[in-house]
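Trainee: no FASTA, just this:
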């Protein structure tokens, strides 16, 4: 149960890592930058349907997210209310890659910490409770259909991929939710919520030694592993399923989005090594930043009315990047984007200062993130899921030379792309 300490000079932060005697891993990031402290437990398993069966029982889509909802109710009652009376705000989320339960407080953390642990001590579920939760999840599913970004992302995944489990909805479908029963939820829980799978995170103003003392008293259970039947992902990476798709816009505005489909993670890792994940930190800006004259020109020419941002999604072997724009000239914008991808590798060869200025603005935003406990925590988790300390990824990204950037961009611009048009009212 020794604790390792790492100091990162660029961001002026220390991280503490270790394992309790029960096998609970932890990452502690003490910081005086914010008076709000965050504490949480990470399960490195999210909505990605990369297994078909656990212990001979079928695992339907949406099971990770349904369990996330249900875990807040324990034998002692509703933990959300309990957190609240202890001066803490609690929440959870499920992504493709992980599930995370956390609380935030500006007061004492010992009581809410015990409440957090209580959620993981017993499997307190029944078929009735699961059935009662399903309509709530279906409500979430329905509200997503009104959100342009959400509609775009769901369509984009279908446009990019043939067989990737990314095509499945994290929260499941009406059909898959109906087929979730207590037996499958219990097997899923015991497979992934065993103490040796969990990692505890803390960010904020606290004493690491004190927190580790409390972690050593957590007493979280360990379960026997069951045989897992994996999903066979026969994805084709040299092309996309649908290069161009038009669907109706849920809010009447017109949007055009582009998606870039990366090769298998293993293949990219063999090419770039650990640098790959540092590139991922900056990839969106490296391709879509308005530092690029071509992107700035699309804005100045009125092709981009509003830039809804870009992001990179990784799960299992699959990675894709999207950018999403509000526009009144989708055809012209699509042509301009295609030209941008064609010219970008050449632009990188000639530009030194813009890449350097991108790195400096990345350093600036990383320093800002450290000052915001929630952003800092999110970055630490994302890095951790790639087996990296996030501050180390920042250092690596800042060390890239122009030539490294050129090589990466040349690759990215050669990957297959898909476009999705959300057609507004004329």
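Mentor: Here it is on my side, so go on. Computed from a predicted structure; not experimentally measured.
Trainee: quick one: the helices in the stretch 51-200 of the chain?
Mentor: 63-70, 79-85, 110-118, 127-144, 148-160, 174-178, 182-192 (DSSP state H, counting those that start in this stretch).
Trainee: same list, those helices, but as JSON lines with mean neighbour count, distance to residue 288 and mean pLDDT please.
Mentor: For every residue, glycine as well, the C-beta is placed using N, CA and C. Below are the helices of the stretch 51-200 of the chain laid out as JSON lines (neighbours: other C-beta atoms under 10 Å; distance: least, C-beta to C-beta, whole Å; pLDDT from 0 to 100):
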{"stretch": "helix 63-70", "mean neighbour count": "23", "distance to residue 288": "29", "mean pLDDT": "97"}
{"stretch": "helix 79-85", "mean neighbour count": "16", "distance to residue 288": "38", "mean pLDDT": "97"}
{"stretch": "helix 110-118", "mean neighbour count": "18", "distance to residue 288": "38", "mean pLDDT": "97"}
{"stretch": "helix 127-144", "mean neighbour count": "14", "distance to residue 288": "24", "mean pLDDT": "92"}
{"stretch": "helix 148-160", "mean neighbour count": "20", "distance to residue 288": "15", "mean pLDDT": "96"}
{"stretch": "helix 174-178", "mean neighbour count": "16", "distance to residue 288": "34", "mean pLDDT": "94"}
{"stretch": "helix 182-192", "mean neighbour count": "19", "distance to residue 288": "35", "mean pLDDT": "96"}
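Trainee: let's have those in TSV, adding distance to residue 317.
Mentor: Converted to TSV, the helices of the stretch 51-200 of the chain look like this (distance: least, C-beta to C-beta, whole Å):
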stretch	distance to residue 317
helix 63-70	18
helix 79-85	35
helix 110-118	32
helix 127-144	25
helix 148-160	13
helix 174-178	22
helix 182-192	19
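Trainee: quick one, which of the ones you listed is nearest to residue 271?
Mentor: Taking C-beta to C-beta, helix 148-160 is the member of the helices of the stretch 51-200 of the chain nearest to residue 271, at 20.3 Å.
Trainee: give me the neighbour count for residue 335.
Mentor: Counted with other C-beta atoms under 10 Å, the neighbours of residue 335 add up to 12.
Trainee: got it, and residue 417?
Mentor: Counted with other C-beta under 10 Å, residue 417 comes out at 20.
Trainee: for the helices of the stretch 51-200 of the chain, which one sits closest to residue 363?
Mentor: Nearest to residue 363, of the helices of the stretch 51-200 of the chain and by C-beta to C-beta, is helix 148-160 at 27.7 Å.
Trainee: can you name every helix or strand that that closest one contacts?
Mentor: helix 127-144, strand 244-248, strand 255-261, strand 318-326, strand 417-423 (3 or more C-beta pairs under 8 Å, 6 or more residues apart in numbering; DSSP states H and E).
Trainee: quick one: which of these is nearest residue 208?
Mentor: Across those, closest to residue 208 is strand 318-326 (C-beta to C-beta), at 33.4 Å.
Trainee: quick one: that closest one to strand 417-423, angle?
Mentor: On the basis of axes from the mean of the first three to the mean of the last three C-alpha atoms, to 10 degrees, strand 318-326 is oriented at 40 degrees to strand 417-423.
Trainee: strand 318-326 to strand 255-261, inter-axis angle?
Mentor: Using the same axes, to 10 degrees: strand 318-326 against strand 255-261 is 160 degrees.
Trainee: state the mean pLDDT of strand 318-326.
Mentor: Here strand 318-326 scores 97 as its mean pLDDT.
Trainee: which parts of it are buried?
Mentor: Buried residues in strand 318-326, counted by 16 or more other C-beta atoms under 10 Å: 318, 319, 320, 321, 322, 323, 324, 325, 326.
Trainee: which elements pack onto the helix or strand that that strand is followed by?
Mentor: Proceeding N to C from strand 318-326, the next assigned helix or strand is helix 330-350, under DSSP states H and E. On a contact count with 3+ C-beta pairs under 8 Å, 6+ apart, helix 330-350 meets strand 255-261, helix 293-300, helix 402-414, strand 417-423.
Trainee: which of the ones you listed is buried the deepest?
Mentor: strand 255-261 (a mean of 24; mean count of other C-beta atoms under 10 Å).
Trainee: any idea of the angle it forms with helix 330-350?
Mentor: Using the same axes, to 10 degrees: strand 255-261 against helix 330-350 is 40 degrees.
Trainee: what's next to strand 255-261, contact-wise?
Mentor: Identification of contacts with strand 255-261 by C-beta atoms under 8 Å, 6 or more residues apart in numbering yields 148, 152, 156, 159-161, 237, 240, 249, 287, 308, 320-327, 330, 333-334, 337, 412, 415-422, 424.
Trainee: what pairs with it, parallel or antiparallel?
Mentor: strand 318-326 (antiparallel), strand 417-423 (antiparallel) (DSSP bridges).
Trainee: pLDDT of it, averaged?
Mentor: 98.
Trainee: which outside residues touch whichever helix or strand comes after it?
Mentor: Sequence-wise, the next helix or strand downstream of strand 255-261 (DSSP H and E) is helix 265-272. Residues from elsewhere that reach helix 265-272, judged by C-beta under 8 Å, 6+ apart: 237, 262, 276, 279, 314, 316, 317, 318, 319, 408, 411.
Trainee: give the contact list for the fifth one.
Mentor: Right, residue 314. Per C-beta under 8 Å, 6+ apart, neighbours of residue 314: 96, 97, 265, 280, 385, 386.
Trainee: doesn't residue 312 fall inside a strand?
Mentor: Yes. Judged by DSSP: H, G, I helix; E, B strand; the rest coil, residue 312 forms part of a strand.
Trainee: got CSV for the contacts of residue 314, with neighbour count and distance to residue 214 too?
Mentor: Shown next, in CSV, are the contacts of residue 314 (neighbours: other C-beta atoms under 10 Å; distance: C-beta to C-beta, whole Å):
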residue, neighbour count, distance to residue 214
96, 20, 31
97, 18, 27
265, 16, 36
280, 22, 34
385, 18, 25
386, 17, 28
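Trainee: switch those residues over to JSON lines; also include pLDDT and distance to residue 55.
Mentor: JSON lines is the format used below for these (pLDDT from 0 to 100; distance: C-beta to C-beta, whole Å):
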{"residue": "96", "pLDDT": "95", "distance to residue 55": "23"}
{"residue": "97", "pLDDT": "96", "distance to residue 55": "23"}
{"residue": "265", "pLDDT": "94", "distance to residue 55": "27"}
{"residue": "280", "pLDDT": "96", "distance to residue 55": "34"}
{"residue": "385", "pLDDT": "95", "distance to residue 55": "25"}
{"residue": "386", "pLDDT": "93", "distance to residue 55": "29"}
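Trainee: can you name the two of those residues that are farthest apart?
Mentor: That would be 96 and 280, which, of the contacts of residue 314, are the farthest apart (C-beta to C-beta) at 14.7 Å.
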